[in-house]
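Novice: okay, here's the prediction I keep looking at, along with the sequence it came from:
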Amino acid sequence: MSKSRGNVINPDDVVGGSGADALRLYEMFMGPLEAVKPWQTNQVAGVVRFQSKLYNVVKSAAESGTSDMSEETTKILHKTMKKVTEDMESMSFNTAISAMMVLTNHLQSLKGNIPIEAAEKLALMVSPFAPHLGEECWSMLGHKNSLAYEPWVEFNEELCVDNTITMGVQVNGKVRGEIEITKDADQDEAMAEAMKQQRVEAQLEG
């Protein structure tokens with residue numbers, strides 16, 4: 001960007017139109033800090049939508065007051081906390097934000113059964129990137145004091161490990177389906193699971 005070329009972006013304009021949190025999020029979501037990246041103002045709208053989605057997810061959790069959390073949600077939450085924590089340490093902010101987007105989408109899919117704990121952890125994780133949004137969400141969840149005094153999220157390493165793997169099933173050199181099996185499954189178990197696939201069975205019968 002250069003004044004002589006007339007393509008300078010005034011950050012005040014972005015803040016005035018979308019807010020300071022949106023500017024911070026977009027700058028960190030553009031890519032690795034050390035890389036040269038083109039500024040595209042129209043893409044700020046993408047992080048604004050993320051902010052709105054995250055806010056609505058937390059609002060839904062606050063209204064429902066659900067404490068139950070499924071095994072799937074628990075694992076996704078702990079994987080996200082691990083990813084965001086490690087990415088912040090390595091200053092890989094773009095991938096940390098991506099991980100929070102994935103978690104937000106998952107929580108949104110739960111409709112009105114969003115666990116309070118997951119919403120609280122999400123508010124804590126987003127706060128270094130969008131402090132105003134983080135504080136608003138934290139307050140909405142019933143907390144009187146600033147989240148700035150809260151400890152950072154802690155993840156359980158065991159919950160970050162997948163117990164199952166997905167494998168493609170081939171018949172005559174062509175993929176006919178996918179199966180999900182435990183990591184320690186033997187060949188016989190894998191074969192039995194593969195035989196449950198209709199396309200695989202049809203190929204073998206034909």
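Specialist: Nice, I can see it.

Novice: distance check, residue 193 against residue 176.
Specialist: 13 Å (Cβ to Cβ, to the nearest Å). Backbone N, C-alpha and C define where each C-beta goes, glycine included.

Novice: now swap in residue 76 and tell me
Specialist: Distance, residue 76 to residue 176, by Cβ to Cβ: 29 Å.

Novice: check residue 138 too.
Specialist: 49 Å.

Novice: who has more neighbours, those two?
Specialist: Legend: neighbour count by other Cβ atoms under 10 Å for residue 138 and residue 176, higher for residue 138 (23 against 18).

Novice: packing partners of the longest helix along the chain?
Specialist: Across the chain, the longest stretch assigned as helix under DSSP state H is helix 44-64. If you count contacts as 3 or more Cβ pairs under 8 Å, 6 or more residues apart in numbering; DSSP states H and E, helix 44-64 packs onto helix 11-18, helix 20-29, helix 93-108, helix 116-126, helix 131-140.

Novice: let's have the ones you listed in CSV, adding distance to residue 150.
Specialist: Below are the helices and strands packed on helix 44-64 laid out as CSV (distance: least, Cβ to Cβ, whole Å):
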stretch, distance to residue 150
helix 11-18, 26
helix 20-29, 18
helix 93-108, 17
helix 116-126, 6
helix 131-140, 8
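
Novice: compare the mean pLDDT across those helices and name the weakest.
Specialist: Mean pLDDT is lowest for helix 11-18 among those, at a mean of 57.

Novice: point out where this protein drops to low pLDDT.
Specialist: Low-confidence segments of the chain (pLDDT under 70): 1-19, 37-42, 163-165, 179, 181-186, 200-201, 203-206.

Novice: now do 80
Specialist: Scanning the chain for pLDDT under 80 picks out 1-20, 31-45, 162-206.

Novice: before we move on, back to that, and the helices and strands packed on helix 44-64, which is most packed in?
Specialist: helix 116-126 (a mean of 23; mean count of other Cβ atoms under 10 Å).

Novice: residues contacting that helix, please?
Specialist: Applying Cβ atoms under 8 Å, 6 or more residues apart in numbering, the contact partners of helix 116-126 are 54, 57-58, 61-62, 65-67, 69, 73, 77, 80-81, 84, 96, 100, 103-104, 107, 133-134, 137-138, 141, 147, 150, 152-153.

Novice: and of the helices and strands packed on helix 44-64, who's closest to residue 160?
Specialist: helix 93-108 (11.8 Å; Cβ to Cβ).

Novice: just list what that closest one packs against, helices and strands only.
Specialist: Checked by 3+ Cβ pairs under 8 Å, 6+ apart, helix 93-108 has helix 20-29, helix 44-64, helix 71-89, helix 116-126 packed alongside it.

Novice: much appreciated, bye for now.
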